[in-house]
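In: Model the structure of this input:
(2 chains)
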Protein chains: 2
Amino acid sequence: MTTPLRLGIAGLGTVGAGVLKIVQSRANLLAQRGGRPVVVTAVSARSRGKDRGVDLSGYAWEDDPVALARRDDVDVLVELMGGSDGPAKAATEAALAAGKDVVTANKAMLAIHGQTLAETAEAAGRVIRFEAAVAGGIPVVKALTEGLAGNQIARIMGVMNGTCNYILTRMERDGLPYETVFEEAQALGYLEADPTLDVGGIDAGHKLSLLTAIAFGTRVDFDAVELEGIERISIVDIRHAADMGFRIKLLGVAQMTGRGLEQRMSPCLVPAQSPLGQLEGATNMVVLEGDAVGQIVLRGAGAGEGPTASAVMSDVIDIARGYRVATFGQPAAGLESARPARATVAAPYYLRMELQDKPGALAKVAAVLGEAGVSINRMRQTRHSETTAPVLVVTHKTTRDALDQALEGFAETGVVVGAPVAIRIEDV
Amino acid sequence: MTTPLRLGIAGLGTVGAGVLKIVQSRANLLAQRGGRPVVVTAVSARSRGKDRGVDLSGYAWEDDPVALARRDDVDVLVELMGGSDGPAKAATEAALAAGKDVVTANKAMLAIHGQTLAETAEAAGRVIRFEAAVAGGIPVVKALTEGLAGNQIARIMGVMNGTCNYILTRMERDGLPYETVFEEAQALGYLEADPTLDVGGIDAGHKLSLLTAIAFGTRVDFDAVELEGIERISIVDIRHAADMGFRIKLLGVAQMTGRGLEQRMSPCLVPAQSPLGQLEGATNMVVLEGDAVGQIVLRGAGAGEGPTASAVMSDVIDIARGYRVATFGQPAAGLESARPARATVAAPYYLRMELQDKPGALAKVAAVLGEAGVSINRMRQTRHSETTAPVLVVTHKTTRDALDQALEGFAETGVVVGAPVAIRIEDV
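Out: Here you go, the predicted model:
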């Protein structure tokens, strides 16, 4: 095939500019690998005049991304605008309706509308590819959908928000409180306009929900992701965790259990010596566990112009080569609606609470744990303040239900001051 | 498509049995993901009667793998016999000639005959897939050929022989000499019948040569791989390396330089805190560096029934899905013959030598280094024996040519006893 594959790019932010740079500077490489030339015919963005450091003079301009998606000289819509609805969704739908394939980096759109869009694409005989939507440059969608296609997946895990990992790493390394590092990250432009997307775990949760659908053959169900952000992680907990040989990570975990599908994106303790524990800074890591392959670990840049553009180009070249895989690895109609389960897999937990400094307080806490069926692995009372004594507990494996019962019980003892901190210790 | 994809499996060792187990136990999963049923119609192996822990009664039997490859009821030959020539090559050629695709785990065959076989496959309009030939269950062929297809690859690195990494890890952890751990590994069945394939770096070199072809668009050139095994690595060097914050790994490195294509498979010092340095036991790791994506690290089991069968099934499902990528990621005729270059990229080196314990000896060594243009980063004389003094040198970055000049110069000083040890420190 020597017919060029013609791209229409909607959204010319960092990633869009990165894609244009690759198409412009690596034409021969792309043609050799794709088996045909890859060209851009048209682009669309909010502001035409803005200097993006890349020459746009050879491309048709469309103010309206929907018009771009419908152009006769576009074979593939490359959707890089973002946002779960609005122009991104409208352009994607228009492209599919007009018989074009779609490559997107839009995790929010697919986390919310993935099932419908996948069905639309398949009805139209087109594909939606989204390597760039999960973990930036790491080819994890491909690894899971194709590389591990012969496996029943047991569990997937991932640190998939570089900003959160940067914040946690810097807190630990430099002994800084959350608020200080958060403000610094915001000043450096590391955070989304709505920082809750990052630090609240929403962005990472979107990504997890997409990998979950592929891994378990289920409909994307972002609403079922149990979300907890890093806002409440204190330097105290990071230090205690480190003392015990752990690091705290915003960790996504998805696994199918006898009681349903678990999807969690929450702070967890992981062994400091594990690959996940050793992950520092803004880097991403995804761990895939299959029945045949065992554990596969993938690590790389989770964001940024080059890495995300690399992922976009991977999808583009697959399309140039004629590879047409279903959006989530199998026909959308066959994806099952899994029953969501909430942390049914037992795990040890890290607990920290402040006790009133009076006789019998520790015994009351121990009694509550015993009554809830939570057994204690380690318990330690650390340095006193004037009136309260901090107590650390590491439990043996327990269910979240039993733990919640204990947490309720603590409140009734009258000796626990404030809300205890409870962080799951994930067996990675 | 609901026409089944019919496999003929040649070779029923560990991996062959693993493939049969997946096909038998995961029929629904494979059909959903592949878009059509995946079945085995015929098998071939040396011994028909042997108990392989898997039911063969549903499959036609062929004594001759070439006959298997030609059967009308086989769409894909799954070649798991091994060996660069002989039955494996004959069956592969017969399959291609008969219009069948080939999935193989045979690194030796492709390292030697990859170019010819790729040309044959493309002339016949068939594909050869070999995910299982490199790094076992890690989907690295896919990550490089497809996931990073938009990148100009700068460098690839890998620890791709689990047995060597097991030996080096155990030497360091338990303070044992090479010979002891080698004999133990042999007794445990970890080594190939010809152990040189493992400890001489040949097996890992085969794998590197295949990744190199994909990464740089060059013809497979195993003969150009600069090979050095781990046989000469002593516990003394492992300890000195550890003292300085390094680990010794059998590391493959390929990179295109201004003077040609470097391919090396040799012991290297890598920082103990790097992902490669932290890799313990029989696990494999591959590092891919692209101009857009930066550094991607992949880690997983490099051998064994499940992981290798997982890789085979990845290729099988791609074929079921209709994905047909060229053997080395682009048409074989377009692959270039690269000029081999020998370690032209400068690097620091670790040197250890025994000096005669007499005045001026150290000065002579320093002078030789200076004359060769090799500058010294650290130099240390350690505990004396009766008559000789061990000297460690870490150089600044130097070319291999300059280093070789220094090594020749040492011999002429008359104060260096025996052959110095020289190990490259790779910037990972």
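In: The most centrally placed residue in chain A is in what secondary structure piece?
Out: By C-alpha atoms, centre = their mean, the mean C-alpha position of chain A lies nearest to A:Ala204, the distance being 2.8 Å. Here A:Ala204, judged by DSSP states H and E, is contained in helix A:202-216.
In: What of A:Glu183?
Out: Short version: A:Glu183 belongs to helix A:178-187, going by DSSP H and E.
In: same for that helix, what does it pack against?
Out: In this structure, helix A:178-187 makes packing contacts with helix A:162-174, judged by 3 or more C-beta pairs under 8 Å, 6 or more residues apart in numbering or on different chains; DSSP states H and E. For every residue, glycine as well, the C-beta is placed using N, CA and C.
In: Could you tell me the angle between the helix it packs on and helix A:202-216?
Out: In terms of direction (axes from the mean of the first three to the mean of the last three C-alpha atoms, to 10 degrees), helix A:162-174 departs from helix A:202-216 by 110 degrees.
In: So A:Arg380 belongs to a strand, correct?
Out: Yes - counting by DSSP: H, G, I helix; E, B strand; the rest coil, A:Arg380 falls inside a strand.
In: Quick check, pLDDT for the residue nearest to it when sequence neighbours are not counted.
Out: Closest residue in space to A:Arg380, ignoring its immediate chain neighbours: A:Leu392 at 4.7 Å, by C-beta to C-beta, 6 or more residues apart in numbering or on different chains. pLDDT for A:Leu392: 94.
In: next one: the one 5 residues further on
Out: The predicted local distance difference test score for A:Lys397 is 97.
In: give the contact list for it.
Out: A:Ala346, A:Ala347, A:Pro348 (C-beta atoms under 8 Å, 6 or more residues apart in numbering or on different chains).
In: Does at least one residue of the helix holding A:Ala204 sit close to chain B?
Out: No - Helix A:202-216 lies out of reach of chain B by C-beta under 8 Å from any C-beta of the partner chain, never closer than 9.6 Å.
In: Run me through the strand neighbours of the following helix or strand past that helix, direction for each.
Out: Sequence order places strand A:226-227 as the next helix or strand after helix A:202-216, per DSSP H and E. As defined by DSSP bridges, the strand partners of strand A:226-227 come to strand A:260-271 (parallel).
In: Beyond the partner strand, next helix or strand please.
Out: Heading C-terminal from strand A:260-271 (DSSP H and E), you reach strand A:283-290.
In: Residues contacting that next one, please?
Out: For strand A:283-290, using C-beta under 8 Å, 6+ apart, the contacting residues are A:134-136, A:138, A:140, A:143-144, A:148, A:150-162, A:165, A:211, A:215, A:275-276, A:279, A:295-303, A:428, B:310.
In: for the record, mean pLDDT for the helix or strand that comes right after that strand?
Out: Counting by DSSP H and E, the element after strand A:283-290 in chain order, helix or strand, is strand A:294-301. The pLDDT scores in strand A:294-301 average 98.
In: how about strand A:294-301, does it reach chain B?
Out: Yes - using C-beta under 8 Å from any C-beta, we find that strand A:294-301 touches chain B at A:Gly294, A:Gln295, A:Ile296, A:Val297, A:Leu298, A:Arg299, A:Gly300, A:Ala301.
In: Looking at these, which is nearest B:Arg352?
Out: Nearest to B:Arg352 among the residues of strand A:294-301 next to chain B: A:Arg299, at 32.7 Å, using C-beta to C-beta.
In: Count the residues that sit near A:Ala272.
Out: 15 (other C-beta atoms under 10 Å in any protein chain shown).
In: That one touches A:Phe246, doesn't it?
Out: Yes - between A:Ala272 and A:Phe246 there is a contact under C-beta atoms under 8 Å: 5.8 Å.
In: Regarding A:Ala132, what is its secondary structure?
Out: Per three-state DSSP, the local secondary structure of A:Ala132 is helix.
In: tally of neighbours for it?
Out: The burial count for A:Ala132: 30, using other C-beta under 10 Å.
In: next one: A:Ala118
Out: 24.
In: name the element it belongs to?
Out: Using DSSP H and E, the element containing A:Ala118 is helix A:107-123.
In: Show me what the helix or strand just after that helix is in contact with.
Out: Moving toward the C-terminus from helix A:107-123, the next helix or strand (DSSP H and E) is strand A:128-129. For strand A:128-129, the external contacting residues (C-beta under 8 Å, 6+ apart) are A:92, A:96, A:101-104, A:110, A:117-118, A:121, A:141, A:315, A:318-319, A:327.
In: now, which of those sits nearest B:Lys364?
Out: Among these, and counting by C-beta to C-beta, the member closest to B:Lys364 is A:Val141, at 59.4 Å.
In: Residue of the stretch 201-350 of chain A closest to chain B, please.
Out: A:Met313 (2.6 Å; C-beta to the nearest C-beta).
In: Now that residue. Nearest residue, chain neighbours left out?
Out: B:Gly150 (2.6 Å).
In: List phi and psi for that neighbour.
Out: For B:Gly150, the backbone dihedrals are phi -90, psi 0 (criterion: degrees, to the nearest 10).
In: Local confidence estimate at A:Met1?
Out: Taking A:Met1 on its own, its pLDDT is 52.
In: any weak-confidence spans in chain A?
Out: Counting by pLDDT under 70, the low-confidence segments of chain A come to A:1.
In: Residues of the stretch 51-200 of chain A that sit close to chain B?
Out: Proximity of the stretch 51-200 of chain A to chain B, by C-beta under 8 Å from any C-beta, involves residues A:131, A:137-139, A:142-143, A:146-152.
In: Quick one: the residues you listed as JSON lines, columns for distance to A:Ala338, neighbour count and secondary structure too.
Out: Listed next are these as JSON lines, based on distance: C-beta to C-beta, whole Å; neighbours: other C-beta atoms under 10 Å in any protein chain shown; DSSP: H, G, I helix; E, B strand; the rest coil:
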{"residue": "A:Glu131", "distance to A:Ala338": "24", "neighbour count": "29", "secondary structure": "helix"}
{"residue": "A:Gly137", "distance to A:Ala338": "29", "neighbour count": "31", "secondary structure": "coil"}
{"residue": "A:Ile138", "distance to A:Ala338": "25", "neighbour count": "30", "secondary structure": "coil"}
{"residue": "A:Pro139", "distance to A:Ala338": "25", "neighbour count": "30", "secondary structure": "coil"}
{"residue": "A:Lys142", "distance to A:Ala338": "23", "neighbour count": "22", "secondary structure": "helix"}
{"residue": "A:Ala143", "distance to A:Ala338": "22", "neighbour count": "25", "secondary structure": "helix"}
{"residue": "A:Glu146", "distance to A:Ala338": "22", "neighbour count": "27", "secondary structure": "helix"}
{"residue": "A:Gly147", "distance to A:Ala338": "23", "neighbour count": "34", "secondary structure": "helix"}
{"residue": "A:Leu148", "distance to A:Ala338": "19", "neighbour count": "31", "secondary structure": "coil"}
{"residue": "A:Ala149", "distance to A:Ala338": "19", "neighbour count": "29", "secondary structure": "coil"}
{"residue": "A:Gly150", "distance to A:Ala338": "21", "neighbour count": "31", "secondary structure": "coil"}
{"residue": "A:Asn151", "distance to A:Ala338": "18", "neighbour count": "28", "secondary structure": "coil"}
{"residue": "A:Gln152", "distance to A:Ala338": "14", "neighbour count": "16", "secondary structure": "coil"}
